[in-house]
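1. Just a sequence and a predicted model for now, questions to come.
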Amino acid sequence: MTEPTRAERITELLSEYGRTYADEAGIRLRDKPSPLYQLLVLAVLCSTRIKADIATDAARELFRGHLRTARTMAGADWQTIVDALGRAHYRRYDESTATALIKGSELLLQRWRGDLRRLREEADGDRGRLWELLQEVPRIGPVGADIFCREVQGLWPELRPYFDERALETAGSLHLPTTADGLAELVRADDLPRLAAALVRVALRH
């Protein structure tokens, strides 16, 4: 049996695992304050030792409760957030995460007027600076910043191509290029978030 070509591997990856985490969380990602904030919330939720599907379910619960902007999150009752996380079985971290979400929304309002596009402007095209600024948000560390950048690269060209270490390691195990630029040559620019998500999903599955 012949080995699949790189093109065939990419097609299979995108077909089976290429759903972005933003899409799974019900976020219609656009370069607007509300969907960008929702992606930040998802990155916060994924920054604890909890399964990705529980994190995306928790995001859906929060958004279902109309907590889709920094302003509505900042004005929300702490217990309301805890209850929403609990309905998604986001256990152990529900109370600390509720606190982090409120503090993060307050920071976002005070520093960037609730608009992550202003954070992007502050980074001024510097990918490393943007990654660092994201980590000023409570609970967001390197992993959370990677998640945000990986998903938003379809909208913010200065981040492309963005594949974190886990994605690159998985690419190597699948006999694909192990550099971001090498992987970027295999797909269209608008498929980069899907390929990055697919590689992470394969890593988590195994």
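-> Done, it's in. Numbering: from 1, shown residues only.
2. which residues touch the residue nearest to residue 143 when sequence neighbours are not counted?
-> The shortest distance from residue 143 to any non-neighbouring residue, by CB to CB, 6 or more residues apart in numbering, is to residue 47 (5.7 Å). No exception for glycine: its C-beta is placed from N, CA and C like everyone else's. Residue 47 sits next to 139-141, 143-144, 147 when contact means CB atoms under 8 Å, 6 or more residues apart in numbering.
3. Which strands or helices does the host helix or strand of residue 198 pack on?
-> According to DSSP states H and E, residue 198 maps onto helix 192-205. Packing partners of helix 192-205 (3 or more CB pairs under 8 Å, 6 or more residues apart in numbering; DSSP states H and E): helix 6-17, helix 142-152, helix 165-173.
4. residues in contact with the longest one?
-> Residues lying outside helix 6-17 but in contact with it, judged by CB under 8 Å, 6+ apart, are 4, 174-176, 186-187, 191, 194-195, 197-199, 201-202, 205.
5. Of all the helices and strands packed on helix 192-205, which one is nearest residue 52?
-> Smallest distance to residue 52 across those (CB to CB): 9.5 Å, for helix 142-152.
6. how about the helices in this protein?
-> For the chain, the helices defined by DSSP state H occupy 6-17, 21-24, 33-45, 52-64, 70-74, 78-87, 94-112, 116-123, 127-134, 142-152, 165-173, 180-184, 192-205.
7. Okay, buried residues for the longest one please.
-> Translated: helix 94-112. Within helix 94-112, the residues scored as buried using 16 or more other CB atoms under 10 Å are 94, 97-98, 100-102, 104-106, 108-109, 112.
8. hmm, who's touching that helix?
-> 37, 40-41, 44-45, 48, 62, 70-71, 73-74, 76, 78, 81-82, 85-86, 90, 114-116, 118-119, 122, 136-140.
9. Could you figure out how far that helix is turned away from helix 52-64?
-> Interaxial angle, helix 94-112 versus helix 52-64 (axes from the mean of the first three to the mean of the last three CA atoms, to 10 degrees): 60 degrees.
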